[in-house]
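Engineer: got a sequence here, can you build the structure:
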Amino acid sequence: MKLIVNFCLLVSAIFAHSASATSDDAKHALQQQLAYLKGFEAQFQQTVRDVNGDLVHEAEGIITMQRPNQLHWHTTFPDEILLVADGESVWQVDYFVEQVTVVKQSSAVENNPMMLITSDDPTDWRNFSITQQDGAFQIQALTQGPIATLTLTFTDGVLSLLQSVDAQQQVSTLVFIDPQVNPEINSNKFEPQLPDGFVLDDQR
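Structural biologist: Model prediction:
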């Protein structure tokens, strides 16, 4: 369930007008940046550090995304876990405990800024404030959620780094290696399968 939760948080009234204008401009810029991103695939290396900066987790794997609302996240180290979002549900396959957990995608991504990477629904975008500094966009939800802030960094127009800060101030950093923009992706990549003998925990 931690991986599922892991797919945010106003400034004072005196700065409300200028912050809104900045957010609107940055939001438009990010939407343009993502408009070309119909598909994306890359290896990733992840580190998670606690509020004191101490390393608490490392992971490696492959991530595949397709807009709108499809995700295939395969962690291969330290444990094998597969997360598939098919547009309606999120399936988490834990090979160590041989269990598949399923939740509604709408509830899994509610108030989660990561949803904007694969969503082109204007209703979703209205729920977030966005600021920009050079090639980095910082996203915050207008209501409290599992992720306080999300930063997307683009290098030469390609998504190269994703960093999130959760409600406990843990910082998760995903570095994308050899990212492929708009590669050919087999549609069955987003069709989850229940492995033989695995327990199904359907929470939809």
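Engineer: element containing G145, please.
Structural biologist: With secondary structure defined by DSSP states H and E, G145 is part of neither a helix nor a strand.
Engineer: run a quick neighbour tally on it.
Structural biologist: Counted by other CB atoms under 10 Å, the residues lying close to G145 total 20. Every residue, glycine included, has its C-beta placed from N, CA and C.
Engineer: from V165, how far out is it?
Structural biologist: 12 Å (CB to CB, to the nearest Å).
Engineer: swap in Q193?
Structural biologist: For Q193 relative to V165 (CB to CB), the value is 34 Å.
Engineer: which of the two has more neighbours?
Structural biologist: V165 (19 against 12).
Engineer: for that one, give me its contacts.
Structural biologist: C8, I147, A148, T149, L150, V171, S172 (CB atoms under 8 Å, 6 or more residues apart in numbering).
Engineer: do Q46 as well
Structural biologist: Here Q46 is in contact with H57, E58, A59, E60, G61, S172, T173, L174, V175 (CB under 8 Å, 6+ apart).
Engineer: count the residues that sit near the residue lying closest to L82 once chain neighbours are set aside.
Structural biologist: Take L82 and drop its neighbours on the chain: the residue closest to it by CB to CB, 6 or more residues apart in numbering is V93, 4.1 Å away. Residues near V93, counting by other CB under 10 Å, number 20.
Engineer: surely V93 is in a strand?
Structural biologist: Yes. The assignment for V93 is a strand, going by DSSP: H, G, I helix; E, B strand; the rest coil.
Engineer: still on that earlier bit, list only buried entries from the contacts of V165.
Structural biologist: By neighbour count, with 16 or more other CB atoms under 10 Å, those hold C8, I147, A148, T149, L150, V171, S172 as buried.
Engineer: just the ones of those in strands?
Structural biologist: I147, A148, T149, L150, V171, S172 (DSSP state E).
Engineer: separation between F40 and R49?
Structural biologist: In this structure, F40 and R49 are 25 Å apart, going by CB to CB.
Engineer: swap in Q144?
Structural biologist: From Q144 to R49 the distance is 22 Å (CB to CB).
Engineer: neighbour-wise, which of these two wins?
Structural biologist: When Q144 and R49 are compared for neighbours, R49 comes out ahead with 15 against 11, by other CB under 10 Å.
Engineer: show me the contacts for that one.
Structural biologist: Applying CB under 8 Å, 6+ apart, the residues contacting R49 are L55, V56, Q170, V171, T173.
Engineer: ditto for K38
Structural biologist: Counted by CB under 8 Å, 6+ apart, K38 has contacts Q66, R67, N182.
Engineer: which residue in those residues has the weakest pLDDT?
Structural biologist: Among the contacts of K38, R67 carries the lowest pLDDT, at 81.
Engineer: my read: it touches D124, true?
Structural biologist: No. Counting by CB atoms under 8 Å, R67 stays clear of D124, with 11.9 Å between them.
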